[in-house]
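Q: Quick one: sequence plus predicted model below, questions after.
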Amino acid sequence: MSSTIKHAVSELSIPVPWGEIRGKVWGPDHGRPVLCLHGWADNCGTFNTLIPLLPKECRYVAVDLAGHGLSSHRPAGVPYTFPANVADVRRVIDGLHWTRFSIIGHSMGGNIAAMFSALYPEMVDAVVLLDCFGFVPTDSIFIFKVIRQGMDDVLQFEKKTEEKKRVYTYKKAVERLLAANPTLSEQSVHILLERGLVQVDEAGFVFSRDLRVNVKNIVPISLEQSLEMQLRIQASVLVVLGDKGFGAAPESNQLKLLQGYRERNVSLKLGEKKYINIICRKKKTLKLPWVVLSLIKGFSSLKFSESEDRHSQYVCEKLQMQGMPKGHEGSRLVAGVLDHETLKY
């Protein structure tokens, strides 16, 4: 395809106070900047199958978040939180010398993208949220319980005797990931393990992610805080949900966030804001990169109209009715990670 990326992929390293943030880069040096953020326990390999299909004129940077993939783990005693991840995004952007850019975020990466867009609204022109609502509200009455549990988990983890990581052969590592995540294809597993394993000796590999990312977030936010931050986002927003992910049965707080996005559509008609929200609830559309591709390409080019919106939803419905075209049965959006809520090891 003449409209897809044909540039070589290069490795990225951004220095941070505790080490480095690693990642991959696609596209021309001076292309429109787009930052890609993966989900919890994943890595930037998440975007390997999607980015090559996107417009070639953009500069795509997909990073391994701290403690994931090949990026450095946070120092001992420093927990993993959403605000810390947002600060890391700012470090990456400063390292890239970007002043204004777009973000594509999957799951946790989308929540980081939304928070960053609220805190630095002047820097972000468009946000694509894949299988997330942008924020993870905690009911106010449970916030103190969540904070305490998170702190207790952190302290308990720190008391554990330093254990040597288990060493796997590559084959055994693949089997473990497949067993823990049956929705993943073997191809997806190989993609994720490119950065999810580190070779320790000739005998085998260890998983690269920091086990502390499993600890509950100790900086939760309430629905009221989430809605206030949502209001501060000035960027155009595209939301893509799947029927087997977080869009399957939205909770009350998530429905309120969706309503907040829908209200921005009214503002769009009045010319005050540019919000576009596409809700795809057919699971098979999540397994086809080129289906969501049509939404993202149209959105990122800012060519979406109301008629195009209806047409895109019709295409998703039509494909679901007809089934997957021959040759695409095993393909997955963003390396298949959208077929499950959280990756397990």
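A: Structure's in. What do you need?

Q: For the stretch 51-200 of the chain, which residues score under the pLDDT cut-off?
A: The stretch 51-200 of the chain contains residues with pLDDT under 70 at 161-163.

Q: repeat that with 80
A: The model of the stretch 51-200 of the chain has pLDDT under 80 over residues 161-164, 183.

Q: in it, which spans are helices?
A: Taking DSSP state H, counting those that start in this stretch as the test, the helices found in the stretch 51-200 of the chain are 82-96, 108-119, 140-159, 170-180, 186-196.

Q: From E202, how far out is S10?
A: Distance, S10 to E202, by CB to CB, to the nearest Å: 28 Å. For every residue, glycine as well, the C-beta is placed using N, CA and C.

Q: Could you check which of these two has the larger neighbour count?
A: Neighbours per residue, other CB atoms under 10 Å: of S10 and E202, the larger number sits with S10, 10 against 5.

Q: bridging residues for the more buried one?
A: Beta bridges link S10 to V25 when assigned by DSSP bridges.

Q: can you tell me how far it sits from N85?
A: In this structure, S10 and N85 are 23 Å apart, going by CB to CB.

Q: Give me whichever of the helices of the stretch 51-200 of the chain is most buried.
A: For the helices of the stretch 51-200 of the chain, average neighbour numbers computed from mean count of other CB atoms under 10 Å are highest in helix 108-119, which has a mean of 26.

Q: Contacts for that helix, please.
A: 35-40, 65, 82-83, 85-86, 89-90, 103-105, 123-124, 127-136, 229-230, 232-235 (CB atoms under 8 Å, 6 or more residues apart in numbering).

Q: how close does P182 sit to F207?
A: Per CB to CB, P182 is found 18 Å from F207.

Q: typo on my end, L35
A: From L35 over to F207 (counting by CB to CB), the distance is 25 Å.

Q: So those two - more neighbours on which side?
A: It is L35, of L35 and F207, that has more neighbours when counted by other CB under 10 Å, with 24 against 18.

Q: Contact partners for L223?
A: By CB under 8 Å, 6+ apart, the neighbours of L223 are P137, D139, S140, N253, K256.

Q: Bridge partners for the first one, pull those for me.
A: The bridge-partner assignment for P137, based on DSSP bridges, gives I221.

Q: number of nearby residues for it?
A: Counted with other CB under 10 Å, P137 comes out at 21.

Q: Would you confirm that it contacts M229?
A: No: using CB atoms under 8 Å, P137 makes no contact with M229, being 10.2 Å away.

Q: which neighbours do the two share?
A: Contacts common to P137 and M229, judged by CB under 8 Å, 6+ apart, are I221.

Q: quick one: the strands in the stretch 151-300 of the chain?
A: All strands of the stretch 151-300 of the chain, identified by DSSP state E, counting those that start in this stretch, fall at 197-201, 204-207, 236-240.

Q: May I see these organised as CSV, with distance to I221 added?
A: Putting these into CSV (distance: least, CB to CB, whole Å) gives the following:
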stretch, distance to I221
strand 197-201, 33
strand 204-207, 30
strand 236-240, 18
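
Q: Just the buried residues of the contacts of helix 108-119.
A: 35-40, 65, 82, 85-86, 89, 103-105, 123-124, 127-136, 229-230, 233-235 (16 or more other CB atoms under 10 Å).

Q: was I right about L12 contacting V25?
A: Yes: counting by CB under 8 Å, L12 touches V25, with 5.2 Å between them.

Q: Just tell me which of the strands of the stretch 151-300 of the chain ends up closest to L54.
A: With CB to CB as the measure, strand 236-240 is the member of the strands of the stretch 151-300 of the chain nearest L54 (13.1 Å).

Q: quick one: the closest one to chain centroid distance?
A: Between the centre of strand 236-240 and the centre of its chain there are 13 Å (CA atoms, centre = their mean, to the nearest Å).
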